[in-house]
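K.L.:
sequence first, then the predicted structure, then my questions.
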Amino acid sequence: MATKIRRLSLTAGWLIVTLVAGLPVFGVVVGLWPSVSISWQDLMVFLAYNGLIVSIANTLLLSLAAPLLAFYVAFIVYSQYRFNPRWQVLEKRLAPLLSLPQLAVALGLVYLFSSGGMLWSALWGVFGHSAPDWLGLPRKSLLTMVLAISLKEVPFFLLILSALGRQLAIKDWLLQGRALGYSEGASWWLLIFPIMLKQSRLALLAAMAYTLSVLDVSLLVGPNIPELYAVVLYNWQTGFSALDQSQAFIGNVVLLAMLGVLIAGIYLHEYLAVRRLGIYAVMANPLKITKLSRLFTMWLGFFSLLSLAILIAFLLWSLGWTNNSAGNTINWSFALWQDEWYFMQGPLLNSINIAFFSSVLGLGLCILALELQQQSQRYLPDYVWLLAILLPQLSMVYGWQVTHSRLSASYNSAWIVLSHLPFTFAYSYLVMRGPFQSLNRHYELVAASFAYTYWQRWWKIRFMLLRPALLSALAIAFSVSIAQYIPTLMLGAGRVTTITTEAVAIASGNQQSITAVYMLVQAVLPFIAFLVASMLAQRMRGSFNAAYQ
Amino acid sequence: MMWLTFKSPKLISSALLSKRLMSLGCLLLLAISPIALRAQEVIKPDLAQLENSEQWQQTLSQAQGETVYFYAWGGSKPVNDYLRWAATEIASRYKVRLRHVKVADISEAVSRLKAEDGSKSAIDLLWINGENFSYLKEQQLLLGELWSHIPNSAMLATQQLSLVNDFGVAIDGFEVPWGVGQFNLMADAKVFQQNTLTPSSLLAAAKQYPERITYPRPPEFHGTTFLKQLLVALSHNDQRLFVAATTQAQAELLPLLWNYLDQLHPLTWQQGKAFPSSNTEQLALLQQQQLLMAVSFNPNQLLKEQSEKGLPASAVRVYFAQGAITNSHNLAIPKGAQSPAGAKVVINFLLSELAQKHKLQGSWGDPAVITPLLDEASTLPAQQELHSSWQQVIEDKWQQKYGA
């Protein structure tokens, strides 16, 4: 009987998990199903699109370079800070750094640092000149785009590495490295980097998939002669004529192929990097990068300053500062805040409500998925679990929407929570997988020998050891849910507005002052989530910290 | 409680006073302009008849208690504020709740209608024009006969404004004009000597101020309209632009535009290696003094920006010498709308004198489309919109020539 119940619950568990992981595929199949027949001629038209090759190449380059760059920076920063009193400061400050929306970072960068941006104007204003054009960040270029994306991804990777680090015996390995005669810097690269790189595959993939299809930032700072691929695809997708629709279908297939290239890129990079490091280890060549690493002790200061500058700029705009106003003629006023606050409360509450349920449920399902795999000793490939992040969102949500209206379902928060679930699930999974798998089973074995039941072991040992990673996952899932625009709008149909549906719509108007108000408010919710998570995490210890601190 | 009782009489008296002043003003206006008077006379009884008709009364009673979900672009604070004002007015007058569903791009609403495929719709009302309208009309996803069912559409200035076509597609009652767009440029005072613009004066300005002039990247429709204006001017208003684009017409007319752009682009912002993504981004660049001009479809935008201190008082409005390409932006009801009666009541209110006046005079400044408020003096000379086939041709060829 007991085994029967167990088998039944196992089946139910698999069913639920497959459903969440399967929703994205279902959405894409329904949403992408060509409404028009695709002919050879359509393919020819597609291939003849001027600048297609450059656009694809640029987009691939960007999607590979920006996340990898961010990962390297994050790793160096992590290695410089980890066993250092400054680590605590960094963990505390990760919250504000993580919570600025990507669009806000991009906006801040160009408005502050481009030629004619606030910073250069202010500096040169002192001398009574206007800043020369060559100085400063180009407004629209691949470089600016790489910078905007990678800057924002560094704190994300730091969070991932920090969650990973709590489960790895880093101190042990550093000690072993020293015993073998390597400097600490070299040990970080030779011993710890390979395993961290391997365990961050999912995070890298998520960041790359995001970069591949990000639209708002591409429109704002991306090069547009030719445009980045996401923009080209968006134009087809929203064109609605038969030709546009067939182009959009082919375009989406190409997007999936590009994703395949990126996955291959991750493995190729890993192979090359590890081989390179292997050669260094054997030849005992000095690692030049360790010298460079010292520079990154300044990262926290630099990044905090940058975030602060962006925040202050947004605050100034929201209070009435414009580029035209000279110092004394500004009419500082809270009018905009007062005007909008009344209309923000409802959306804010909806956001919190939806994000709470979808992040808790998503994390729960993610634990279930990991547990079931562990028990059956069968790990499915990672990308199966990350489909929500990997597949093209617009087509996927369109598929859900078609189904939702076929069912003539109502418009309420429950459907929105369901539509956010695949995303919160996927992000939780990418944070949790590493820590869950590298969990030291020793403790549970000991507990079992003391006659602890399965559930007792689970709650009292495994759950406790996983707490720091769980908190990070919850905070990330929460902020992922907050940031969803398309699923919320499409399934909420305007009956349920969130702060993000408002903010994204308003940001599309490029009006600095009001965009600033909404971006700041939008940043507050993830900020609180990350802050609470980091404060709680400092009081808890992961499996290896338990032994070493 | 004290302040309430103390304040309210004052409030009423001031409201009364302003009402009296307004009616006095109206009387004066009527006395001065006999044309307006005649127009009023013709329309008024007609309107009263329509409003009292059984059909409309039925719509009004059906609409009570309904909630109207209005899908409209949410990127403009003046528009959002205007709709907030309209929502309170409509609620108190008709007991209809108006909800503005803000979208970043109206194509999101079109995509929803496509997904619903004519069945029960989440959208009751939407703000569209151009390609999106032509797609929805062709797919038969819109409710028809709006003009005959909405009394205030009798006031639409069909004689003076081109309100029967939307980018070359006949409206046929599937949407109702809400406002008028007239293509113009907002520019720094020093750039253009006159208030009208020709291709050669634009080129001269670009030479004098290199990298300070540009336009939104087509297929963004402000950018495409900019190219259309140039093409009309360069071809000296060639009549073939107003009928379907034949291969011969394309071969003869388009090179004029490309030759011109070949000269212009090296002088534009970033030497033509990048363009703003939209008119709103271009305006932001003008405000940051990166550019000396920005394009707009709202002829009153300059004044509104100046009063909000978004642009300096010295900035000027210029338009193409052949006339400003003029078109309407419109309101439509999906076939599957859940509150069609409420949506009609909302449209009727938005076409009323009160609402149209508030739209014109408030922070939005969008021109009125009804005869009583038509202000010929501030209306720019209009240029007919090109035949819709030219749009695709220009966008595709531009992409081929300059897109990479």
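P.N.:
That came in fine, so what should we check first? As the structure is a prediction and not an experimental result, all values here were calculated from the model.
K.L.:
so where's chain A shaky on pLDDT?
P.N.:
Counting by pLDDT under 70, chain A has low-confidence residues at A:1-2, A:35, A:116, A:125, A:128-134, A:284-287, A:322-331, A:540-549.
K.L.:
near chain B, which residues of the stretch 151-300 of chain A are found?
P.N.:
A:219-220, A:223-227, A:235, A:238-241 (Cβ under 8 Å from any Cβ of the partner chain). For glycine as for every other residue, the C-beta is placed from the backbone atoms N, C-alpha and C.
K.L.:
if you set the cut-off to 7 Å instead, what comes out?
P.N.:
A:219-220, A:223-226, A:235, A:238, A:240 (Cβ under 7 Å from any Cβ of the partner chain).
K.L.:
out of these, which comes closest to A:R139?
P.N.:
Nearest to A:R139 out of those is A:L220 (Cβ to Cβ; 9.0 Å).
K.L.:
surely that closest one meets A:A106?
P.N.:
Yes - A:L220 lies in contact with A:A106 (Cβ atoms under 7 Å); the separation is 5.6 Å.
K.L.:
skipping adjacent residues, who's closest to the residue nearest to the spatial centre of chain A in space?
P.N.:
Central residue of chain A (Cα atoms, centre = their mean): A:A207, 5.6 Å from the mean position. Excluding the flanking residues, the one nearest A:A207 by Cβ to Cβ, 6 or more residues apart in numbering or on different chains is A:P67, at 3.8 Å.
K.L.:
secondary structure element for that neighbour?
P.N.:
helix A:52-81 (DSSP states H and E).
K.L.:
who does that helix touch, helix- and strand-wise?
P.N.:
helix A:142-165, helix A:201-213, helix A:229-237, helix A:242-283, helix A:288-293 (3 or more Cβ pairs under 7 Å, 6 or more residues apart in numbering or on different chains; DSSP states H and E).
K.L.:
tell me how many other residues surround whatever residue of the stretch 151-300 of chain A ends up closest to chain B.
P.N.:
The nearest approach of the stretch 151-300 of chain A to chain B comes at A:T238, 3.6 Å away (Cβ to the nearest Cβ). Neighbourhood size, A:T238 [other Cβ atoms under 10 Å in any protein chain shown]: 18.
K.L.:
show me the helices in the stretch 51-200 of chain B, by range?
P.N.:
Under the criterion DSSP state H, counting those that start in this stretch, the stretch 51-200 of chain B contains helices at B:54-63, B:77-94, B:107-116, B:130-138, B:146-149, B:199-208.
K.L.:
redo the ones you listed as a markdown table? Include mean pLDDT, mean neighbour count and distance to chain A.
P.N.:
A markdown table is the format used below for those (pLDDT from 0 to 100; neighbours: other Cβ atoms under 10 Å in any protein chain shown; distance: least, Cβ to the nearest Cβ, whole Å):
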| stretch | mean pLDDT | mean neighbour count | distance to chain A |
| --- | --- | --- | --- |
| helix B:54-63 | 94 | 14 | 19 |
| helix B:77-94 | 96 | 17 | 5 |
| helix B:107-116 | 90 | 23 | 4 |
| helix B:130-138 | 91 | 20 | 4 |
| helix B:146-149 | 94 | 19 | 21 |
| helix B:199-208 | 95 | 17 | 16 |
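K.L.:
tabulate those (TSV), appending distance to B:L230.
P.N.:
Listed next are the helices of the stretch 51-200 of chain B as TSV, based on distance: least, Cβ to Cβ, whole Å:
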stretch	distance to B:L230
helix B:54-63	45
helix B:77-94	28
helix B:107-116	26
helix B:130-138	19
helix B:146-149	34
helix B:199-208	6
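K.L.:
OK, contacts around the nearest residue to B:K190 once chain neighbours are set aside?
P.N.:
Among residues not flanking B:K190 along the chain, B:L292 sits closest, at 7.8 Å (Cβ to Cβ, 6+ apart). By Cβ atoms under 7 Å, 6 or more residues apart in numbering or on different chains, the contact set of B:L292 is B:187-188, B:191, B:209, B:212-213.
K.L.:
touching, A:T500 and A:Y485? I think so.
P.N.:
Yes - counting by Cβ under 7 Å, A:T500 does reach A:Y485; the two are 5.4 Å apart.
K.L.:
quickly find the element holding the closest residue to A:S246 other than its chain neighbours.
P.N.:
Nearest residue to A:S246, sequence neighbours excluded (Cβ to Cβ, 6+ apart): A:D42, at 4.2 Å. Element membership for A:D42 (DSSP H and E) is helix A:40-47.
K.L.:
packing partners of that helix?
P.N.:
helix A:242-283.
K.L.:
which strand or helix spans A:V25?
P.N.:
A:V25 belongs to helix A:2-32, assigned by DSSP H and E.
K.L.:
so is that helix next to chain B?
P.N.:
No - with Cβ under 7 Å from any Cβ as the criterion, chain B is not reached by helix A:2-32; the gap is at least 8.5 Å.
K.L.:
and that helix, what's buried?
P.N.:
For helix A:2-32, burial by neighbour count (16 or more other Cβ atoms under 10 Å in any protein chain shown) applies to A:13, A:17, A:20-21, A:23-28, A:30-32.
K.L.:
contacts only, for residue 56.
P.N.:
I'll assume chain A. A:229, A:258.
K.L.:
to clarify, I was referring to chain B.
P.N.:
B:50, B:151.
K.L.:
which strands and helices sit next to the top strand by length along chain B?
P.N.:
Taking DSSP state E as the criterion, chain B has its longest strand at strand B:324-332. Contacts defined by 3+ Cβ pairs under 7 Å, 6+ apart place strand B:324-332 against strand B:125-128, strand B:165-166, strand B:176-182, helix B:221-234, strand B:382-383.
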